[in-house]
Structures are given as C-alpha cells and as structure tokens.
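1. Have a look at this fold, sequence not included:
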C-alpha cells in the first residue's frame with residue numbers, strides 16, 4: 001500500500017524539478033523514472049497551445065505562443081543551462097576555467113548567440129511544421145519525452161564533472177543498470193509512439209534519430225571538454241534535442 005504513495009511523491013518531485021509547479025521539493029533518484037512522463041506532458045501542453053492558437057492566429061503567432069508556453073512551464077531552467085554550457089564549452093579554455101565560467105551568473109557572447117539561435121529555430125519550426133492539431137500534440141509530447149529521457153540516461157551512464165558536486169548530481173543514480181535501461185526504454189516508447197502518431201512510422205523514426213543525435217552530441221562535447229556532465233550540460237542537451245527534433249519535424 002505504500003508503493004502508490006511513494007510513486008505519487010516521486011511524480012510530484014519530478015514535476016517540481018522540471019516545471020514551475022511545486023518547487024521546493026528535494027530531488028532524489030526515485031524521481032528519475034517520471035522524467036519522460038513529465039516531459040511528455042510538457043510537450044503535449046506545448047502542442048495543445050499551438051493547436052488552439054493556430055485556430056485564431058497565423059502560424060508564426062501560434063508558434064511564438066507555443067514557444068512561450070515551454071519557457072513559462074520550465075521556468076527557463078534548461079535555457080539557462082544552455083546559456084551556461086555555451087559560455088563554458090565553446091570558447092578556448094582549460095577544464096577548470098570552463099567549470100568556473102559555468103558557475104558564474106554572467107552571460108557572454110557565446111551564450112547570447114546560442115540561445116538566440118535555438119529560440120529562433122524553435123519558433124520557426126513551430127510556426128511552419130504543417131501538422132494537424134492532434135498530430136502536433138502527439139509529436140511534441142514525443143520529442144519532450146525523449147529530451148527528459150536522455151537527461152536521465154546521462155545521469156546514470158556518465159561521470160559527474162564537478163569534484164564537489166552540484167545540482168546536476170543531486171539525483172544520484174537509480175541503482176541497477178536494468179532500471180536505467182527501463183527508463184530509457186520508456187522514454188523511447190513515449191518518444192517514438194508520439195512521433196509516429198504525428199509523422200508516421202518512417203518519418204517519425206527519422207525525427208527521433210536526428211533529435212537524439214543532437215542531444216548526444218552535446219553530451220559528448222561535455223564529456224570531452226569537462227570529463228563528464230553537469231546540470232547545465234543536461235539542460236543544454238535537452239534543448240538541443242528538442243530543437244533538432246522540431247526542425248526535423250518541420251521538414252517537407
């Protein structure tokens with residue numbers, strides 16, 4: 001009888017970390033299995049706003065409102081990580097300097113350029129995908145589920161880059177490898193299922209592959225230049241995965 005209560009608590013904790021709702025809960029590994037589910041919910045809401053807005057406004061406005069929905073729901077958490085990651089990983093610096101730069105609240109040219117590029121690409125892709133309403137809801141839910149699933153997979157398969165810990169490793173590891181594989185499998189099931197409903201089996205699979213490749217590329221860059229991941233790198237990988245997925249989704 002206690003398991004359902006723990007499950008609800010873990011779900012609420014994941015929701016509190018990944019969105020603006022219920023902030024203040026302490027992260028722990030039990031929340032990780034819910035990351036893809038919360039991601040799918042965020043993506044579905046983004047798609048629903050796009051669907052509703054497209055009934056009243058031109059595609060560009062609908063895309064802008066959908067983009068704003070994601071930024072509001074996530075409290076800019078992952079966009080902030082993208083900015084810090086760009087300032088830390090893209091310039092020529094040694095590892096210690098990169099980690100120090102990523103801790104500071106300052107925003108440099110690499111961060112500004114990267115964030116603007118990602119936001120413009122997301123807005124353009126959301127405003128020109130040509131999907132029907134239900135298709136967009138399913139596809140965006142799938143992309144956002146893949147994004148959060150990648151974060152969990154990285155937490156459990158990559159070393160943490162900061163010797164003294166930080167926000168990115170407060171969740172710890174889920175434990176057995178089979179549990180991590182199960183979370184990754186759930187993420188893929190939600191992601192591929194949503195994308196196939198939105199774009200068909202072949203194109204949906206292609207979008208998923210492209211999106212995952214984009215996110216993994218960020219993680220590999222973090223591994224090469226930092227020796228592992230940080231919370232900022234996870235956020236950046238998620239944003240890039242979503243952006244590549246949305247761009248691929250809009251391809252004709």
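-> Ah, there it is. Just so it is clear, the structure is predicted and the values come from calculations on it, not from any experiment.
2. which residues make contact with the helix or strand containing residue 188 from outside it?
-> In the assignment (DSSP states H and E), residue 188 maps to helix 177-199. Residues from elsewhere that reach helix 177-199, judged by CB atoms under 8 Å, 6 or more residues apart in numbering: 32-33, 35-37, 39-40, 43, 131, 134-143, 145-146, 148-150, 152-153, 156-157, 173-174, 204-205, 207-208, 211, 245, 249. (Each C-beta comes from the backbone N, C-alpha and C, glycine too.)
3. and with 6 Å instead?
-> 33, 36, 40, 135, 138-139, 141-142, 145-146, 149, 152-153, 156, 174, 204, 207-208 (CB atoms under 6 Å, 6 or more residues apart in numbering).
4. Stretch 236-251 now?
-> 78, 81-82, 85, 118, 121-122, 125, 128-129, 139, 143, 147, 150-151, 207, 210-211, 214-215, 218-219.
5. Drop anything exposed from the residues you listed.
-> 78, 81-82, 85, 118, 121-122, 125, 129, 139, 143, 147, 150-151, 207, 210-211, 214-215, 218-219 (16 or more other CB atoms under 10 Å).
6. Sort out for me which of those are in helices.
-> 78, 81-82, 85, 118, 121-122, 125, 139, 143, 147, 150-151, 207, 210-211, 214-215, 218-219 (DSSP state H).
7. where does the stretch 1-150 of the chain dip in pLDDT?
-> By pLDDT under 70, the low-scoring segments of the stretch 1-150 of the chain are 1-6, 22-25.
8. The chain: strands as residue ranges?
-> In order along the chain, the chain carries no strands (DSSP state E).
9. and residue 146, what does it touch?
-> 187, 191, 211.
10. which one of those residues sits closest to residue 11?
-> The shortest approach to residue 11 among the contacts of residue 146 belongs to residue 187, at 15.5 Å (CB to CB).
11. Just the buried ones among the contacts of helix 177-199, please.
-> Applying 16+ other CB under 10 Å to those flags 33, 36, 40, 135, 138-139, 141-142, 145-146, 149, 152-153, 156, 174, 204, 207-208 as buried.
12. so where's the stretch 151-252 of the chain shaky on pLDDT?
-> 165-176.
13. mind redoing it with 80?
-> 163-176, 252 (pLDDT under 80).
14. From residue 190, how far out is residue 140?
-> Separation of residue 140 from residue 190 (CB to CB, to the nearest Å): 12 Å.
15. Between those two, which is the more surrounded one?
-> residue 140 (33 against 23; other CB atoms under 10 Å).
16. in terms of contact, does that one touch residue 45 like I think?
-> No. Residue 140 is beyond contact range of residue 45, at 8.7 Å (criterion: CB atoms under 6 Å).
17. OK, contacts around the closest residue to residue 187 other than its chain neighbours?
-> Nearest non-adjacent residue to residue 187, counting by CB to CB, 6 or more residues apart in numbering: residue 149, 2.2 Å away. Taking CB under 6 Å, 6+ apart, we find residue 149 in contact with 36, 184, 187.
18. Next: residue 153.
-> Taking CB under 6 Å, 6+ apart as the test, what residue 153 contacts is residue 184.
19. Can you redo the contacts of residue 146 as a markdown table, where the extra columns are distance to residue 50?
-> What follows is the contacts of residue 146, written out as a markdown table (distance: CB to CB, whole Å):
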| residue | distance to residue 50 |
| --- | --- |
| 187 | 22 |
| 191 | 18 |
| 211 | 18 |
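20. Distance check, residue 148 against residue 64.
-> Applying CB to CB to residue 148 and residue 64 gives a distance of 24 Å.
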